[in-house]
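*Asks:* Sharing a sequence plus its predicted fold:
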Amino acid sequence: MIMARALVKCYSGADKPAVDHVDLRVKQGEFLSIAGRSGSGKTTLLHILSSLIRPDSGEALFLGRDICTASEKVRNSLRGKDFAVVFQQHHLLPYLSALENVLLPFMTGLAPVGEKQENAARALLRRVGLEHKERSRPGELSGGEQQRVAIARALARGARVLFADEPTGSLDSATGASVIQLLRELNADGLTVLMVTHNEEFARRSGRVLRMADGRITRQE
Amino acid sequence: MNILTLPARHIKAKWMRSLLPASVFTLGLAAMSGLYEVSTLVADNFEKKLISYGANILITPRRETLKISYGGYSLGDVSIEEEPINLATALPAIDAVPLRGNIAVVAPKMLAVTRIGGRAAALVGVDWDQELHLKGYWETAEGDFPQGGDTPEALAGAAAAKKLRLRPGQELKIDGRDLRVAGILNPTGNDDDEVLFIPLPLAQELAGKPGRASFMEVAALCSGCPIEDITAQLQSALPGSEVRALAQIAESRMYSVRFAQNLAFSVSMVILLTACAMLVMTMLSSVTERRREIGIMRAVGFSRAAVAAVFVFEALFIGFSAGVCGYAAGRLPTVYILGRLQAADNISLSFDPASCAAVVLLALLTAGLAAAFPAWRAGRVEPAEALVSL
């Protein structure tokens, strides 16, 4: 489903690449963890694969199509439909309710959000166990609940791949475990999941683990 | 819910933050709409008052100049004047011109000469209503202005009164007709000092030309149209007369009016530009502070244009509310300033939908322009950088 070849990304001012000639292949329906220490390049790799940034060289293919050289419009479309990204800091809009945050991907134009989309958003909140919190603002939700809303939002447009960047990083271990369990359930339903984590236990609960160090993939388990 | 939900919710949630630029913008628009209204109303009122400082158009019978020379003897240039103006046809013709609304005063005059107490005296027959409206600068040194009693009354210029030894209340007999001196004018420094003003019908009778006028003075309002247009229309309505604009008078009057309007416009523009700069700065700081939000939007599929639109719509919301409030608030200083200028006589303020719409449109346009650069910067924010840097 996703294939990367010789990806290189070097940030300006850095003396060595954040991602250094990485090759990668992700199958459809796979739950892949990328583990490594801080600064190993795993988040940069995730951002390249999720079309948030472009690499300096190399290619990343999604269903055979190079997303690195695709136009901004195509990359926007990928982020809006096929890809979903979940971050460590939840990143919800504080002035929108939980339901409205889930519906955010549908608010890109003047066309009003339809009843069908609202029902789908409610179903997603139900799926992550927050149907009773749809009117709550992020400030009224716990960290775990906010992350669940963020996951629901990520899946609102029927994404095929979920990129999770340290989704448990700011949660306690019990809450983090429940989030990982949710990701496993979504994966079991057919969603492809790529997760960056430095938590060994959570990494082992995925189907495959890639170890990164100094911008390179050093091991696969 | 659509893209408009985002700026609306953000303004609602951060209303204190939105209040500052909205207030400054409202103040700017209030000052602008208020000053514009004041300048327009005062200019109209001012011009009406300026009318009392004399005429700016002169209508005289058409005259022809003939050079006569015969048998080696030259009579020089002889001016052949047509009959005096027939008021029975001239006044209706003036009433019928398309720009009649811009004509404030039509003051016909008949000139005559006579002897009073053995001395030659120049008489000017006038229509008192029109003349007193036209000569608002007249003041009486002694006595009063003619009141229109049973006995015809006269008003003497300062020099004429001295020369003819006239005093208020004095009874005169001119060619067998009774006349009473109502008052003596203060010196004016012009031809008015040398003559005796009498009722128009009496002057026509003395001159033997009833219903006629030697010439007419016209005071026209020039703010709505050039004086040349009024002159041309009067000329075509009065083909037997010569109509001349006293251009210097008209221009000096319009200079005063335009000066007031230009001053108000300049002040308004400075205020509006200041408000606009304030909005730009606020929006720029908002873009910086909301990088995370921008990153979220971009990460869930918002295009650069959609992100920019969120900020433009937010500025437009502020602009719209500032436009409506600014128009309403602009009415208050208008009333106050008019009162301070003592220019509120005969001026009434009323709601004008067109003015309100113009102010709101101006506010939207200014807000849109002010938001353009910050919105463009918002659209340039890279999602990964915005989200990872926090």
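*Replies:* Looks like it arrived, so ask away. Predicted, not measured: the structure shown is a model, and the values here were computed from it.
*Asks:* what's the residue in chain A positioned nearest to chain B in contact with, if anything?
*Replies:* Closest residue of chain A to chain B, CB to the nearest CB: A:Gly80 (2.2 Å). For every residue, glycine as well, the C-beta is placed using N, CA and C. When contacts are counted by CB atoms under 8 Å, 6 or more residues apart in numbering or on different chains, A:Gly80 is found next to A:Pro105, A:Thr108, A:Arg157, B:Val300, B:Gly301, B:Phe302.
*Asks:* Report the two of those separated the most.
*Replies:* A:Arg157 and B:Phe302 (12.2 Å; CB to CB).
*Asks:* ok, back up a step: possible to save the contacts of A:Gly80 as JSON lines with neighbour count, secondary structure and pLDDT?
*Replies:* Formatted as JSON lines, the contacts of A:Gly80 follow (neighbours: other CB atoms under 10 Å in any protein chain shown; DSSP: H, G, I helix; E, B strand; the rest coil; pLDDT from 0 to 100):
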{"residue": "A:Pro105", "neighbour count": "25", "secondary structure": "helix", "pLDDT": "89"}
{"residue": "A:Thr108", "neighbour count": "22", "secondary structure": "coil", "pLDDT": "88"}
{"residue": "A:Arg157", "neighbour count": "18", "secondary structure": "coil", "pLDDT": "83"}
{"residue": "B:Val300", "neighbour count": "26", "secondary structure": "coil", "pLDDT": "84"}
{"residue": "B:Gly301", "neighbour count": "25", "secondary structure": "coil", "pLDDT": "82"}
{"residue": "B:Phe302", "neighbour count": "27", "secondary structure": "coil", "pLDDT": "88"}
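*Asks:* okay if I get those as CSV plus distance to B:Ala31?
*Replies:* Shown next, in CSV, are the contacts of A:Gly80 (distance: CB to CB, whole Å):
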residue, distance to B:Ala31
A:Pro105, 43
A:Thr108, 38
A:Arg157, 48
B:Val300, 42
B:Gly301, 43
B:Phe302, 37
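*Asks:* Out of these, which comes closest to A:Gly143?
*Replies:* B:Val300 (20.0 Å).
*Asks:* And for that closest one, nearest residue in space, chain neighbours not counted?
*Replies:* A:Pro105 (4.4 Å; CB to CB, 6 or more residues apart in numbering or on different chains).
*Asks:* so what secondary structure elements neighbour the host helix or strand of B:Val78?
*Replies:* For B:Val78, the host element (DSSP states H and E) is strand B:73-81. Contacts defined by 3 or more CB pairs under 8 Å, 6 or more residues apart in numbering or on different chains; DSSP states H and E place strand B:73-81 against strand B:63-70.
*Asks:* could you give the angle of the strand it packs on to strand B:73-81?
*Replies:* 160 degrees (axes from the mean of the first three to the mean of the last three CA atoms, to 10 degrees).
*Asks:* List the neighbours of strand B:63-70 that are in contact with it.
*Replies:* B:Ser74, B:Leu75, B:Gly76, B:Asp77, B:Val78, B:Ser79, B:Ile80, B:Glu81, B:Glu82, B:Glu242.
*Asks:* partners of that strand in the sheet?
*Replies:* In the sheet, strand B:63-70 lines up against strand B:73-81 (antiparallel) (DSSP bridges).
*Asks:* CA-only coordinates of the strand it pairs with in PDB, if you can.
*Replies:* Extracted in PDB, the C-alpha atoms of strand B:73-81 (Å, rounded to 0.1, in the frame of the first residue of the first chain):
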ATOM      1  CA  TYR B  73     -17.800 113.000 -37.300                       C
ATOM      2  CA  SER B  74     -17.600 110.100 -34.900                       C
ATOM      3  CA  LEU B  75     -20.100 109.500 -32.200                       C
ATOM      4  CA  GLY B  76     -18.000 106.700 -30.800                       C
ATOM      5  CA  ASP B  77     -19.500 103.400 -29.500                       C
ATOM      6  CA  VAL B  78     -23.200 103.700 -28.800                       C
ATOM      7  CA  SER B  79     -24.800 101.000 -26.700                       C
ATOM      8  CA  ILE B  80     -28.300 100.100 -27.800                       C
ATOM      9  CA  GLU B  81     -30.200  98.400 -25.100                       C
END
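*Asks:* Show residues contacting the helix or strand that it is followed by.
*Replies:* With elements assigned by DSSP H and E, the helix or strand that comes after strand B:73-81 is strand B:85-86. If you take CB under 8 Å, 6+ apart as the criterion, strand B:85-86 is touched by B:59-61, B:108, B:211-216, B:238, B:240-241.
*Asks:* chain center to strand B:85-86, what's the gap?
*Replies:* 31 Å (CA atoms, centre = their mean, to the nearest Å).
*Asks:* now do stretch B:92-104
*Replies:* Distance, centroid of stretch B:92-104 to centroid of chain: 18 Å (CA atoms, centre = their mean).
*Asks:* how long is that stretch end to end?
*Replies:* Using CA to CA, to the nearest Å, the end-to-end distance of stretch B:92-104 comes to 15 Å.
*Asks:* Now do the strands for chain A: every range, in order, please.
*Replies:* Remark: strands assigned in chain A by DSSP state E are A:2-9, A:19-26, A:31-36, A:57-62, A:65-66, A:83-86, A:161-165, A:192-197, A:208-213, A:216-220.
*Asks:* which of these sits most buried?
*Replies:* Highest mean neighbour count among those (mean count of other CB atoms under 10 Å in any protein chain shown): strand A:83-86, with a mean of 28.
*Asks:* Could you pull up the residues touching the closest residue to chain A within chain B?
*Replies:* Chain B approaches chain A most closely through B:Gly301 (2.2 Å), counting by CB to the nearest CB. Taking CB under 8 Å, 6+ apart as the contact definition, B:Gly301 lies against A:Asn76, A:Ser77, A:Arg79, A:Gly80, A:Lys81, A:Pro105, A:Thr108, A:Arg157.
*Asks:* Could you report the pLDDT at the fourth one?
*Replies:* Residue-level confidence at A:Gly80 comes out at 77, pLDDT.
*Asks:* And the second one, by the same measure?
*Replies:* Model confidence at A:Ser77, given as pLDDT, is 84.
*Asks:* Check the burial of it by counting its neighbours.
*Replies:* 16 (other CB atoms under 10 Å in any protein chain shown).
*Asks:* so who does B:Pro187 touch?
*Replies:* Taking CB under 8 Å, 6+ apart, one finds B:Ala158, B:Ala159, B:Asp193 in contact with B:Pro187.
*Asks:* Can you give me the buried ones in the helix or strand containing the second one?
*Replies:* Element membership of B:Ala159, judged by DSSP H and E, is helix B:158-164. By neighbour count, with 16 or more other CB atoms under 10 Å in any protein chain shown as the criterion, the buried positions of helix B:158-164 are B:Ala158, B:Ala159, B:Ala160, B:Ala161, B:Lys163, B:Leu164.
*Asks:* hmm, back to that, same list, the contacts of B:Pro187, but as TSV with pLDDT please.
*Replies:* Converted to TSV, the contacts of B:Pro187 look like this (pLDDT from 0 to 100):
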residue	pLDDT
B:Ala158	91
B:Ala159	92
B:Asp193	90
